[in-house]
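Engineer: have a look at this fold, sequence not included:
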């Protein structure tokens, strides 16, 4: 039972750790119009230029007005957003980067006043949500982009592992083919040795015949000598063929030994890349966990 509680504790602990809640606070911030109440939130990761572009697009969504930038401050006037108010808004904002994190400050001006906690919740909460929705979406996009990059890295590792395994399979197949070829060559050397032995017997018999015909006619002696030379030529051919077969076997066996060393190296590389794949898989799970936990 205690193991069950321990496992449940781990699950709850991991789940709570995985949750990343986007927080929006209300603080007084300095703008071109002075110090006013503003909603502030931190975007844990993201590219400054891209987030700035997305924020400007977000401000201009569902309105004819376009935001303008003055000395780093992004302003949109006559912003229609009925979830906050039927009256058009003026929104002052700026984006700053600190230690790899982005801070977005946003002040909503409504009827010469700036939205704050003193206003009714029907105005205050939608304004806060307006900023928070953007930060959540932006953070999710950044983590999604990170996830895609790491997925590509994992795919690259898996492709490389597959290439190594196919290379190993190809080498193993080649070794099998060479083993069969070596057996065939060895059979041929055995037959060659038998042929050489037979040829030696034939040459010895022919040499004895030549000696017997020492006192015979020139034609008979020449014919016997001719046959002996042919036998000697055939014997030398067999010897040369044997040497060629033996060299071919040695070459193939040497190639197999080199291939086996290469296969051992490939196996080592596959093991290392498998470790990289497992590490990358763990990294992906953590990023996915982060993405799923953004709230």
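Structural biologist: That came in fine, so what should we check first? As the structure is a computational prediction, the values presented were derived from the model and not from experiment. Numbering: from 1, shown residues only.
Engineer: give me phi/psi at residue 69?
Structural biologist: Reported as degrees, to the nearest 10, the phi and psi values for residue 69 are phi -120, psi 130.
Engineer: number of nearby residues for it?
Structural biologist: 12 (other C-beta atoms under 10 Å). (Each C-beta comes from the backbone N, C-alpha and C, glycine too.)
Engineer: what of residue 127?
Structural biologist: 26.
Engineer: now do residue 161
Structural biologist: The burial count for residue 161: 18, using other C-beta under 10 Å.
Engineer: name the SS class of it, please.
Structural biologist: Three-state assignment for residue 161 (DSSP: H, G, I helix; E, B strand; the rest coil): helix.
Engineer: ok, it to residue 268 distance?
Structural biologist: 13 Å (C-beta to C-beta, to the nearest Å).
Engineer: grab the nearest non-local neighbour of residue 232.
Structural biologist: residue 203 (6.3 Å; C-beta to C-beta, 6 or more residues apart in numbering).
Engineer: dump the residue contacts of the one you found.
Structural biologist: 228, 231-232, 235 (C-beta atoms under 8 Å, 6 or more residues apart in numbering).
Engineer: name the member of these with the most neighbours.
Structural biologist: That'd be residue 231 among these, by other C-beta under 10 Å, with 19 neighbours.
Engineer: that residue contacts residue 202, doesn't it?
Structural biologist: Yes. With contact defined as C-beta atoms under 8 Å, residue 231 reaches residue 202; the gap is 5.4 Å.
Engineer: picking that back up, and the host helix or strand of the residue nearest to residue 232, how far from the chain's centre?
Structural biologist: For residue 203, the host element (DSSP states H and E) is helix 121-212. Its chain's average C-alpha position is 17 Å from that of helix 121-212, according to C-alpha atoms, centre = their mean, to the nearest Å.
Engineer: next structured bit after that helix?
Structural biologist: helix 218-293.
Engineer: off-centre distance for that following helix?
Structural biologist: With C-alpha atoms, centre = their mean, you get 31 Å for helix 218-293.
Engineer: what does stretch 72-92 give?
Structural biologist: That offset, for stretch 72-92, works out to 45 Å (C-alpha atoms, centre = their mean).
Engineer: neighbours of residue 56, how many?
Structural biologist: 18.
Engineer: and for the one 5 residues further on?
Structural biologist: When counting by other C-beta under 10 Å, one arrives at 10 neighbours for residue 61.
Engineer: where does it land in three-state SS?
Structural biologist: coil.
Engineer: which residues in the stretch 1-150 of the chain form strands?
Structural biologist: 24-31, 34-43, 68-70, 73-81, 85-98, 101-110, 113-114 (DSSP state E, counting those that start in this stretch).
Engineer: in CSV, list those along with mean pLDDT.
Structural biologist: Output for the strands of the stretch 1-150 of the chain, formatted as CSV (pLDDT from 0 to 100):
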stretch, mean pLDDT
strand 24-31, 96
strand 34-43, 96
strand 68-70, 94
strand 73-81, 94
strand 85-98, 94
strand 101-110, 95
strand 113-114, 94
